[in-house]
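Enquirer: just a sequence and a predicted model for now, questions to come.
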Amino acid sequence: MFPEQKQGYTYEEYKVTADWLRAKTEHRPLIAIICGSGLGGLAEILKDQKVFSYSDIPNFPQSTVQGHAGQLVFGTLNGKSCVCMQGRFHLYEGFPIWQVTFPIRVFQLLGVQTAIVTNAAGGLNEDYNVGDMMLIKDHLNLPGFAGNSPLVGPNDERFGPRFPCMSDAYDRDLRKLAQTVARELGFSDFLKEGVYSVVGGPSFETIAECHMLKRLGADAVGMSTVHEVIVARHCGMRVFGLSLITNKAVMDYDSKSKANHEEVLQTGRERASQLKRMISSFVERLERNNNVC
Ligand SMILES: O=P(O)(O)O[C@@H]1C[C@H](O)[C@@H](CO)O1
Ligand SMILES: Nc1nc2[nH]cnc2c(=O)[nH]1
């Protein structure tokens, strides 16, 4: 007989982590910011920081990928209380999907209402350039098609319903707000809006896979975000998703280009200051319950 394998966290385990954090900091965040690969510098915009290494937080998984520091940073941004994940978890690291999304339910128990989810992604849309920011308007969940959803297993109604709707996953008013903010900052030239597709990774896509994803309607491809968004929507958070197009997907058999993680991190470094200004102004303009533009 094999020992029984853990299938997920209990409500009590999420609560232990949330209670531990609540006891260690006076911050009461309403906004969570999840930093994509190489985008951890976003946390630097928070004032009055209280930082926890993931290794010190009960039940928290550990980051293993370069460009993901593995710290939870609490602080204020333009007077608003935030928590920032400097490092997220990916399926390809070997985490089961319920571990990938663990922090999201902890944030919900801490009182977070809005999740700002960022990532580094490869551009499939030929109009996209390296360094573009893409507002995520929808997603294609390839692992989900194969049954790998963070909501598989018994549903805990304390978090949300068995069959959550995803047609409004990426809040339309928050996207409008981001467009307004980008216009004011002079960023419109490199702001796009499109569909993000998640794949399992860690290998980058073949040329045929890139063509397939594009034909399916994807504008960008990555290895994260969607699992977190599903859990955030399930437990009632509003979601704003932002991809940084860090590389162009290779679509041509004659091309000499090769996707690589160093280019991903380098593009993140080059766009760091614009991303900080974008998120900072966006949070400043975020209203507590509604942002109907
Ligand atoms: O955490 P994100 O989705 O930003 O990271 C992307 C996907 C892989 O982890 C990595 C590939 O370079 O960047
Ligand atoms: N799957 C995938 N993830 C990425 N993250 C950053 N760039 C890419 C890419 O080209 N493909």
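Expert: Perfect, thanks for sending it. Ligands and ions are numbered 1, 2, ... in the order given.
Enquirer: can you give me the helices in the stretch 51-200 of the chain?
Expert: Ranges of helices in the stretch 51-200 of the chain, per DSSP state H, counting those that start in this stretch, are 97-100, 102-110, 142-145, 172-185.
Enquirer: give me the residue from this structure nearest ligand 2.
Expert: Gly122 (2.1 Å; C-beta to the nearest ligand atom). Bear in mind the C-beta positions are built from the backbone N, C-alpha and C, glycine included.
Enquirer: count the residues that sit near the nearest residue to that residue once chain neighbours are set aside.
Expert: Using C-beta to C-beta, 6 or more residues apart in numbering and skipping residues adjacent in sequence, the residue nearest Gly122 is Ala249, 4.3 Å away. Residues within reach of Ala249, counting by other C-beta atoms under 10 Å, total 25.
Enquirer: wait, Ala249 sits on Cys210?
Expert: Yes. The pair Ala249 / Cys210 is scored as a contact, 4.4 Å apart, by C-beta atoms under 8 Å.
Enquirer: return the most buried member of the helices of the stretch 51-200 of the chain.
Expert: Looking across these with neighbours counted as mean count of other C-beta atoms under 10 Å, the highest average goes to helix 102-110: a mean of 25.
Enquirer: so what touches that one?
Expert: Counting contacts by C-beta atoms under 8 Å, 6 or more residues apart in numbering, the residues outside helix 102-110 that touch it are 9, 14-15, 17-18, 21-22, 28-29, 32, 34, 59-61, 72, 83, 85, 88-89, 115, 159, 228, 231-232, 235-237.
Enquirer: check whether the longest helix anywhere in the chain contacts ligand 1.
Expert: Scanning the chain for the longest helix, with DSSP state H as the assignment, gives helix 261-285. Yes. Counting by C-beta under 6 Å from any ligand atom, ligand 1 has neighbours in helix 261-285: 261, 264.
Enquirer: hmm, back to that, identify the contacts common to Ala249 and Cys210.
Expert: In contact with both Ala249 and Cys210: 122, 124, 221, using C-beta under 8 Å, 6+ apart.
Enquirer: pipe those residues into JSON lines and attach distance to Gly147, pLDDT and neighbour count per row.
Expert: Listed next are the shared contacts of Ala249 and Cys210 as JSON lines, based on distance: C-beta to C-beta, whole Å; pLDDT from 0 to 100; neighbours: other C-beta atoms under 10 Å:
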{"residue": "Gly122", "distance to Gly147": "25", "pLDDT": "98", "neighbour count": "27"}
{"residue": "Leu124", "distance to Gly147": "24", "pLDDT": "98", "neighbour count": "27"}
{"residue": "Val221", "distance to Gly147": "20", "pLDDT": "98", "neighbour count": "26"}
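Enquirer: just want the residue of this protein that's nearest ligand 1.
Expert: In the chain, the residue found nearest to ligand 1 is Gly36; the distance is 2.8 Å by C-beta to the nearest ligand atom.
Enquirer: got phi/psi on that residue?
Expert: phi -80, psi -180 (degrees, to the nearest 10).
Enquirer: how confident is the prediction for the closest residue to it other than its chain neighbours, by pLDDT?
Expert: Once flanking residues are discounted, Gly36 sits nearest to Asn119: 3.7 Å by C-beta to C-beta, 6+ apart. pLDDT, Asn119: 98.
Enquirer: who does the residue positioned nearest the centre of the chain form a beta bridge with?
Expert: For the chain, Val117 is the residue whose C-alpha lies nearest the centre (C-alpha atoms, centre = their mean; 3.2 Å). Counting by DSSP bridges, Val117 is bridged to Ile34, Gly241.
Enquirer: I'd guessed it sits against Ser243; true?
Expert: No. The criterion here is C-beta under 8 Å, and Val117 misses it with Ser243 at 9.4 Å.
Enquirer: and for the two, which residues touch both?
Expert: Contacts common to Val117 and Ser243, judged by C-beta under 8 Å, 6+ apart, are 136, 225.
Enquirer: mind listing what Leu135 touches?
Expert: Residues near Leu135 by C-beta under 8 Å, 6+ apart: 170, 175, 178-179, 191-194, 240-242.
Enquirer: now it: closest residue in space that isn't a chain neighbour?
Expert: The shortest distance from Leu135 to any non-neighbouring residue, by C-beta to C-beta, 6+ apart, is to Glu193 (4.4 Å).
Enquirer: on that earlier part again, contacts only, for the residue nearest to the centre of the chain.
Expert: By C-beta under 8 Å, 6+ apart, the neighbours of Val117 are 34, 136, 225, 228-229, 232, 239-242.
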